[in-house]
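Chemist: any chance you could fold what I've pasted below:
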Amino acid sequence: MNAGTDPEALRNLTVQHLLAQAWVKEVYCGSKLHVVPTVDEAISVVTRMSCQYPVQVLVTGSLTLVGAYLEVLGQKHPLVINMPTNQHYYH
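Modeler: Numbering: from 1, shown residues only. Just a heads-up that it's a prediction; the model follows:
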């Protein structure tokens, strides 16, 4: 956590919700949008959704965040990491 980060804003995901609102206003195309506090929870959401229908996931942010997402994904679903891009479905 950055020393200048407001702990309450961090707990409430204030910045993340503001960015989600901006995304909906400017880009949103009707897909499902989720704001979650952890990489682990994000992967759990995607896993639950993928049991119902194919999903595509866009992870944005720092290299640290994207790397953490790939690391947790690899731990929970090791076969997915090694699949060709067009076959990334969690079935």
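
Chemist: please parse the protein into its domains.
Modeler: 8-32, 38-91 (automatic domain parsing).

Chemist: take those and write them to TSV, including mean pLDDT and mean neighbour count.
Modeler: For glycine as for every other residue, the C-beta is placed from the backbone atoms N, C-alpha and C. Below are the domains of the chain laid out as TSV (pLDDT from 0 to 100; neighbours: other CB atoms under 10 Å):
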stretch	mean pLDDT	mean neighbour count
domain 8-32	84	11
domain 38-91	80	12
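
Chemist: what strand or helix carries residue 48?
Modeler: Element membership for residue 48, per DSSP states H and E: helix 39-50.

Chemist: for that helix, packing partners?
Modeler: helix 63-76 (3 or more CB pairs under 8 Å, 6 or more residues apart in numbering; DSSP states H and E).

Chemist: now do the helix it packs on against helix 39-50, angle only.
Modeler: Angle, helix 63-76 to helix 39-50, by axes from the mean of the first three to the mean of the last three CA atoms, to 10 degrees: 60 degrees.

Chemist: centre of the chain versus helix 63-76, how much separation?
Modeler: Counting by CA atoms, centre = their mean, to the nearest Å, helix 63-76 is centred 10 Å from the centre of its parent chain.

Chemist: what's the answer for stretch 70-77, then?
Modeler: 13 Å.

Chemist: what do you get for stretch 12-21?
Modeler: On CA atoms, centre = their mean, the centre of stretch 12-21 falls 13 Å from the chain's centre.

Chemist: what's that stretch in contact with?
Modeler: Stretch 12-21 is contacted from outside by 6, 8, 9, 33, 35, 37, using CB atoms under 8 Å, 6 or more residues apart in numbering.

Chemist: let's see that stretch as CSV, backbone CA atoms only.
Modeler: Extracted C-alpha coordinates of stretch 12-21, given in CSV (Å, rounded to 0.1, in the frame of the first residue of the first chain):
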residue,chain,number,x,y,z
ASN,A,12,-14.3,0.6,0.2
LEU,A,13,-12.6,0.1,-3.2
THR,A,14,-13.5,3.8,-3.8
VAL,A,15,-11.0,4.3,-6.7
GLN,A,16,-12.0,0.9,-8.3
HIS,A,17,-15.7,1.8,-8.2
LEU,A,18,-15.0,5.2,-9.7
LEU,A,19,-13.0,3.6,-12.5
ALA,A,20,-15.8,1.1,-13.0
GLN,A,21,-18.4,3.9,-13.3
